[in-house]
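>>> here is a sequence together with a model predicted from it:
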Amino acid sequence: MDESSLRILLTLGGMIASVAAAFAVVRQSVKALTEALADVEVRLRRLDSKIDRLETKSGTVEQRLNILATMSSPDALERRNRELGGILARTEVLERDSAANKAMHNGKHPKNGEM
């Protein structure tokens, strides 16, 4: 072998060693990135679960708020106040009738035929 062949073999050996070292570095980097990606995926799944629970709770709160808003609407309050006013008026009439009946009997209940 002559000197140029030896240089070519040494250069080729150096290139092969460089490629092998680069391959090892790349393989280690891919492994680290795969582990990091798996960790990110786990975190992402947890966040998705939390978001789903929060969206469910938010929907429930929104539904309850809508119900309360409907119950407290001016139309509903006016209708309830009119109903309450009617009930109070009827109660006052019944109380007056009851007082009149009580005054008529004066605490005594005559037997039939004594009137």
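Yep, it's here.
>>> report the central residue of the protein.
Lys57 (1.6 Å; C-alpha atoms, centre = their mean).
>>> can you report how many residues lie near Lys50?
10 (other C-beta atoms under 10 Å). Using the backbone N, CA and C atoms, a C-beta is placed for each residue, glycine as well.
>>> in three-state terms, label it for me.
Three-state call for Lys50 (DSSP: H, G, I helix; E, B strand; the rest coil): helix.
>>> who are the packing partners of the helix or strand that contains Leu68?
Per DSSP states H and E: Leu68 is located in helix 3-71. Counting contacts by 3 or more C-beta pairs under 8 Å, 6 or more residues apart in numbering; DSSP states H and E, helix 3-71 packs against no other helix or strand.
>>> so what's the gap between it and the chain middle?
29 Å (C-alpha atoms, centre = their mean, to the nearest Å).
>>> which helices and strands does the lowest-mean-pLDDT helix or strand in the chain pack with?
Using mean pLDDT, DSSP states H and E, the weakest-scoring helix or strand in the chain turns out to be helix 74-105, at a mean of 91. If you count contacts as 3+ C-beta pairs under 8 Å, 6+ apart, helix 74-105 packs onto no helix or strand.
>>> now the angle from it to helix 3-71?
For helix 74-105 against helix 3-71, the angle by axes from the mean of the first three to the mean of the last three C-alpha atoms, to 10 degrees is 30 degrees.
>>> so how far is helix 74-105 off the chain centroid?
Distance, stretch centre to chain centre, for helix 74-105: 44 Å (C-alpha atoms, centre = their mean).
>>> how many other residues sit next to Ser5?
Neighbour tally, Ser5, other C-beta under 10 Å: 9.
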